[in-house]
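Novice: Fold the following for me, if possible:
(2 chains)
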Amino acid sequence: MNDRIAGRSAAPGSVPDDLELAFLRALAERRISRRQLLETAARLGPVAAIAPILAACGGGATPQPSVAAPSVAPTTASVPPSVTPSVEPTPVPSPEAELNVYNWDAYIGEDTVAKFTAATGIKVHYDKFETAEGMLAKIRTDGKGAGFDICYPTSVDVPALVSEGVVQPLKLDLIPNAANLGTQWQNPGYDPGNKNSMPYMWWTTGFCWDGDKIKEDLTSWESLWNPAYKGKLEMLDDIRETFAVAAFRLGLDPNTKSEADLDRMAQLLEEQKPLVRTYTTADIDVMNQHQVHIAHAWSGDVYQMYDDVPNVKYVIPSEGAVRGSDTMVVLSGAPHPIAANAWINFNLDAKISAGNTNFIGYMGPNAAAMEFINKEILEDPTVNPDIALLDKLVELLDLGPDLDKYTQRWNALRA
Amino acid sequence: MTAGAARTADPPAAALVVRRSLRVRARDKAGAVALILPGVAWLAVFFLVPLLIIRIFSLGTKDAAGHVVLDHLGLQNYAQATRPEYLPAFANSLRYAAITTILSIALGYPIAYWISRYGGERKVLLLILVMLPFWTSYLIRTYAWMFILRDNGVLNGILQATGLISEPLTLLNTDLSVILGMTYGFLPFAILPLFVSIDRLDQNLVQAARDLYASGRGAFLHVTLPLTMPGIVAASLLTFIPAIGDYVTPDLLGGAQTTTIAKIVQVLFTSGRDWPYGSALGFLLMVITLGGTLIALRTLRRETFA
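Specialist: So this is what the prediction gives:
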């Protein structure tokens, strides 16, 4: 479906299509859905809902150079909100009056857009996408972003977008809040120095299981090859993620370009295939509906299974795992580049970033934001694993033309 | 002057009538051309041009960023597309389409027959009922099948409540769920042409067969069935051709073991970022479908109408 069904666009106002999109969101998407969000918000209680507001009103002693005061005089502000005098360059250009943002649905704090508009006077047109592939296809149509200013690609796609010229370099002097990033996010492999992209939220990819059905404590990827789980096992319908699992089991590099390595990985996945019930990105749905008992899954998604599978367990397997992040980029054809950089700076603000995390349940890379993040999230090792562990995880890198080696074997596996 | 005299006295008038009728005919012809022109232009732009683009893409290559490159056109993508690894996916597509077609005809023929013979004044209403599912998006109806078939779904719930089974049956993500979903989806496409051909059948011919001592079964087999064969052929084509390229149903209702060629093409166009290769596979599938259809039509026509 997703991607399935990627790139479907609904005629505005047509009821069946809207329903269709709602279904897609609820069932086929790996991001949090609106319904799940409401439930999450209800479970976390009113504290979660008003936390960002409280945080915003708090003011007080907070680390520099991070905190925007969203209540500060709106409309005519000609300076991006959290620019501190110490880093302010000679004249800061005035941001444009509007901004076109293109993001995953329900992947931002509830009131982030309103606060941004209140703080800067910039009117935000906020569009949402259903699948990464659909989004990538759209911003590539004219090679410069299809009229959007801001987009949220996954880190692995950033190098290609940069080399194709779909995104433009960031104006780092307009983004002083980049200093809020944790050290491990200051110089990522996919974009050294964050010159073209800023990390937004991150996750790990491990596997989860229903503790009511599987009593053991699982720690190894081997469990996904256990014949006892035949027909009750899901693997992600994601070429790189699934090959990475085979690579970890074999002790190989998940970014390998070696044909011999890839043959071994494909062979291992071929052995696993008879056990697999479905390859899908709807990991939340297959677990919540109890279609499977054990599933290759994204950490943020596990956070959204607690309601339906109260005993769900998640592990970052001992052999290693993938960590990934979504980024914010400015598109090369952006009609409002200054406003776009101001948007990125605003979202890197400690309290705004924490507000985003508190609402969607994904951890951000913002070290300054940690003190404003809800305890439930911080203490949940699924969404927020030990930082030492995080360093051992692998980032998937863009393979360029060598991706074909994966695609070819993946199709042969699936056929 | 009488009219007759006028006619003989004025021979050029007759010629004028002829000329005028020729002119009218020419004008009609121009009118007809004007009428079909938009349709032809529409097909040319929205059917032939995309087909041509796919054909050209399929001969191209791609650069490191995944863009289509048309510098050196060649058949290398077709050589890859016919790799033996993909045969199971081709076979799945063919198998699902064939079974769906057979089931749709087998289920649809009695329905169409009944509506035509016994529908009476309610025929139109009954036909609307056949088409009723189209009022809801196909995607939503496919999701409804997921609700019915999954482990804790409606069907398993009923079976368990009645004590027929103790453990839920694995229905979703199997061959069974794909075939059920596809047959459900394509059944109306089979019923409509079957209805038309059964409804057009002159019942006097069946009556005559009965008068000549044919049994009810004999009359059906030797009169009704052969005379409605064009409807069966049309229904088969309308079911089989879209079924073989169906992507949504196998993807949503299928599982790890039910991959069809449409899924492979989708992977190539999206995460694989290899449009030339995907185009070649898509084009190949179209050629196979077209070839199979032509052969089937020719064989059937020889048998049916010879």
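
Novice: ends of stretch A:388-400, how far apart?
Specialist: Stretch A:388-400 has an end-to-end distance of 30 Å (C-alpha to C-alpha, to the nearest Å).

Novice: Which positions within it qualify as buried?
Specialist: Using 16 or more other C-beta atoms under 10 Å in any protein chain shown as the test for burial, stretch A:388-400 gives A:390, A:393-396, A:398-399. (Glycine included, C-beta is placed from N, CA and C.)

Novice: Give me the contact list for that stretch.
Specialist: A:155-160, A:184, A:188-190, A:204, A:240-241, A:244, A:253-255, A:257, A:316, A:320-324, A:405-406, B:64-65 (C-beta atoms under 8 Å, 6 or more residues apart in numbering or on different chains).

Novice: chain center to that stretch: distance?
Specialist: 15 Å (C-alpha atoms, centre = their mean, to the nearest Å).

Novice: avg pLDDT for that stretch?
Specialist: Averaged across stretch A:388-400, pLDDT comes to 83.

Novice: cool, and stretch A:114-130?
Specialist: Per-residue scores along stretch A:114-130 average to 93.

Novice: can that stretch be found next to chain B?
Specialist: No - using C-beta under 8 Å from any C-beta of the partner chain, we find that stretch A:114-130 stays clear of chain B, coming within 12.3 Å at best.

Novice: Where in chain B is the helix or strand with the lowest mean pLDDT?
Specialist: Here the helix or strand of chain B ranked lowest by mean pLDDT, DSSP states H and E is helix B:3-9, holding a mean of 47.

Novice: Tell me the first helix or strand C-terminal of that helix.
Specialist: helix B:11-43 (DSSP states H and E).

Novice: from the contacts of stretch A:388-400, which ones fall inside strands?
Specialist: A:204, A:322-324 (DSSP state E).

Novice: Residues contacting the strand or helix carrying A:Ile377, please?
Specialist: Using DSSP H and E, the element containing A:Ile377 is helix A:375-378. Here helix A:375-378 makes contact (C-beta under 8 Å, 6+ apart) with A:44, A:303, A:357-358, A:361, A:363, A:370, A:383-384.

Novice: now the host helix or strand of B:Arg302: how far from the chain's centre is it?
Specialist: Element membership of B:Arg302, judged by DSSP H and E, is helix B:275-305. Chain-centre distance of helix B:275-305: 12 Å, with C-alpha atoms, centre = their mean.

Novice: Identify each buried residue in that helix, please.
Specialist: B:275-286, B:289, B:293, B:300.

Novice: which residue is nearest the middle of chain B?
Specialist: B:Leu238 (2.1 Å; C-alpha atoms, centre = their mean).

Novice: The one helix or strand A:Asp261 maps to vs chain B: in contact?
Specialist: Taking DSSP H and E as the definition, A:Asp261 sits inside helix A:259-272. No - taking C-beta under 8 Å from any C-beta as the criterion, helix A:259-272 and chain B are apart, separated by no less than 9.3 Å.

Novice: for that helix, packing partners?
Specialist: Helix A:259-272 sits against helix A:239-250, helix A:403-414, with contacts defined as 3 or more C-beta pairs under 8 Å, 6 or more residues apart in numbering or on different chains; DSSP states H and E.

Novice: Kindly format the C-alpha coordinates of the first one as CSV.
Specialist: Spelled out, that is helix A:239-250. In CSV, the C-alpha atoms belonging to helix A:239-250 read as follows (Å, rounded to 0.1, in the frame of the first residue of the first chain):
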residue,chain,number,x,y,z
ILE,A,239,15.1,-3.8,1.0
ARG,A,240,17.9,-2.2,3.0
GLU,A,241,16.5,-2.9,6.4
THR,A,242,15.8,-6.6,5.7
PHE,A,243,19.2,-7.2,4.1
ALA,A,244,20.8,-5.5,7.1
VAL,A,245,19.3,-8.1,9.4
ALA,A,246,20.9,-10.9,7.3
ALA,A,247,24.2,-8.9,7.4
PHE,A,248,24.1,-8.7,11.2
ARG,A,249,23.5,-12.4,11.5
LEU,A,250,26.5,-13.1,9.2
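
Novice: Just checking the distance from that helix to the centre of its chain.
Specialist: With C-alpha atoms, centre = their mean as the basis, helix A:239-250 stands 20 Å off its chain's centre.

Novice: same thing with stretch A:107-121?
Specialist: Its chain's C-alpha centre and that of stretch A:107-121 lie 19 Å apart, by C-alpha atoms, centre = their mean.

Novice: What residues sit buried inside it?
Specialist: Going by neighbour count (16+ other C-beta under 10 Å), the buried part of stretch A:107-121 is A:107-113, A:115-121.

Novice: Quick check: end-to-end length of that stretch?
Specialist: End-to-end for stretch A:107-121, by C-alpha to C-alpha: 22 Å.

Novice: what's the answer for stretch A:142-162, then?
Specialist: 15 Å.

Novice: Now, the buried residues of stretch A:388-400 that are in strands?
Specialist: A:394-395.

Novice: What is the nearest of the buried residues of stretch A:388-400 to A:Val330?
Specialist: A:Asp398 (19.0 Å; C-beta to C-beta).

Novice: Let me see the contact set for the nearest residue to that closest one once chain neighbours are set aside.
Specialist: Among residues not flanking A:Asp398 along the chain, A:Pro159 sits closest, at 4.1 Å (C-beta to C-beta, 6 or more residues apart in numbering or on different chains). A:Pro159 sits next to A:190-191, A:397-398 when contact means C-beta under 8 Å, 6+ apart.

Novice: Let me know the closest of those residues to chain B.
Specialist: Proximity of the contacts of A:Pro159 to chain B (C-beta to the nearest C-beta) peaks at A:Asp398, which lies at 9.8 Å.
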